[in-house]
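Colleague: structure for the following, please:
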Amino acid sequence: MEPGGVTADGEAVDLHGRAPLDGIPAQPGPPALETVRATGPRRLRPWRLLPTPTGTPFTYTYACVLLGTSLFMEFADPDTVAAALRASSTDVTHLAQSPVLVLLASALWIAGGITSPFVIAFVVVLTALERRIGGLRTAVVFLLGHVVATLATEVPVGLSVAVGHLPDSSLHRLDYGISFGVAASIGALAGLLTPWLRWLVLAGFGAMLLQDLIAFTDPMTSWGHLLALAIGVATWPLVRRWRTRTARRTALARDARTPRRSATAA
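Modeller: As a prediction, this is how the structure comes out:
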């Protein structure tokens, strides 16, 4: 008889082949069903790709705000929309006057509206990142890419205008959107994926950004996307530590709830 089964008389035994003794509680027995399930293959749960108010509050709230501003862009008076976008633009003039305000305001809009491909990337990537490192840390990664890539692309414009290489109209270039933050989040999330999926994501997204750069339709924004992706990759050591801490905290919280559940069941 193999350890962990039943005897010829149908008596249960533990993994070492010992039969339980009558009248003695808490004896070793076969592994619990939950343990067996935990070691089995993980089931796909596609609904976890979407944000929820309790599971991913930062991404969920942010997505609702972006939905509201996108609907405003679609249905509000065009002149009102244009004025709101100009006021939120991170051009050189606005950055010099009120940098913090426009850096935050510019991230409340989606360039291209609700049909932009960055919408799907925002929902899927930020949801996955927040589930791994938490909402506050996901916001830090997003804002880091958004702020640094914006400054890195706009400051050279101001310097070029100052030395006469660009016209003064470049100081009022309309610039807004979430794409820099999303690109940084993609780079950060790639560091938490399995190796084959990590390089697949980086190669696919990087190729798309390089194609945009070669097309030369908006080279400054294209360079900003590549820079934001590099910023996300640079956060790998940090986000990996955050993931470990988040997983440890989740495990401790789950263990703390388990006795109460057992007592309630008893």
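Colleague: helices and strands of the chain: which one has the lowest mean pLDDT?
Modeller: Scoring the helices and strands of the chain by mean pLDDT, DSSP states H and E places helix 33-38 at the bottom, with a mean of 41.
Colleague: what about the chain, any weak spots by pLDDT?
Modeller: In the predicted model of the chain, residues 1-44, 46-47, 259-266 satisfy pLDDT under 70.
Colleague: which residues in it form helices?
Modeller: 33-38, 57-75, 78-88, 92-97, 99-105, 117-133, 135-162, 179-190, 195-215, 219-234, 236-265 (DSSP state H).
Colleague: out of these, which is closest to residue 111?
Modeller: Closest of the helices of the chain to residue 111 is helix 179-190, at 6.5 Å (criterion: C-beta to C-beta). (C-beta placed from N, C-alpha, C; glycine too.)
Colleague: what's that closest one packed up against?
Modeller: The helices and strands touching helix 179-190, judged by 3 or more C-beta pairs under 8 Å, 6 or more residues apart in numbering; DSSP states H and E, are helix 117-133, helix 135-162, helix 195-215, helix 219-234.
Colleague: check the offset of it from the chain's centre.
Modeller: 7 Å (C-alpha atoms, centre = their mean, to the nearest Å).
Colleague: quick one, it and helix 117-133 angle?
Modeller: 40 degrees (axes from the mean of the first three to the mean of the last three C-alpha atoms, to 10 degrees).
Colleague: deepest in the core, which of the helices of the chain is it.
Modeller: helix 179-190 (a mean of 28; mean count of other C-beta atoms under 10 Å).
Colleague: just the CA atoms of it, as CSV, please.
Modeller: Output in CSV follows, covering the C-alpha atoms of helix 179-190 (Å, rounded to 0.1, in the frame of the first residue of the first chain):
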residue,chain,number,x,y,z
SER,A,179,0.1,57.9,-23.4
PHE,A,180,3.4,58.7,-21.6
GLY,A,181,2.1,57.3,-18.3
VAL,A,182,0.7,54.2,-20.1
ALA,A,183,4.0,53.6,-21.8
ALA,A,184,5.9,53.8,-18.5
SER,A,185,3.3,51.4,-16.9
ILE,A,186,3.8,48.9,-19.8
GLY,A,187,7.6,49.0,-19.2
ALA,A,188,7.2,48.5,-15.5
LEU,A,189,4.6,45.7,-15.8
ALA,A,190,6.9,43.8,-18.3
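Colleague: ok, and what's touching that helix?
Modeller: Residues from elsewhere that reach helix 179-190, judged by C-beta atoms under 8 Å, 6 or more residues apart in numbering: 107, 111, 118, 121-122, 125-126, 128-129, 132, 138, 141-146, 149-150, 198, 201-202, 205, 209, 221, 224-226, 228-236, 239.
Colleague: one step back: let's have the helices of the chain in JSON lines, adding distance to residue 169.
Modeller: JSON lines is the format used below for those (distance: least, C-beta to C-beta, whole Å):
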{"stretch": "helix 33-38", "distance to residue 169": "62"}
{"stretch": "helix 57-75", "distance to residue 169": "24"}
{"stretch": "helix 78-88", "distance to residue 169": "14"}
{"stretch": "helix 92-97", "distance to residue 169": "11"}
{"stretch": "helix 99-105", "distance to residue 169": "18"}
{"stretch": "helix 117-133", "distance to residue 169": "27"}
{"stretch": "helix 135-162", "distance to residue 169": "9"}
{"stretch": "helix 179-190", "distance to residue 169": "23"}
{"stretch": "helix 195-215", "distance to residue 169": "23"}
{"stretch": "helix 219-234", "distance to residue 169": "14"}
{"stretch": "helix 236-265", "distance to residue 169": "39"}
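Colleague: what's the closest of these to residue 172?
Modeller: helix 92-97 (5.7 Å).
Colleague: list phi and psi for the spatially closest residue to residue 116 that is not a sequence neighbour.
Modeller: Nearest residue to residue 116, sequence neighbours excluded (C-beta to C-beta, 6 or more residues apart in numbering): residue 110, at 5.3 Å. When quoted as degrees, to the nearest 10, the phi and psi of residue 110 stand at phi -110, psi 120.
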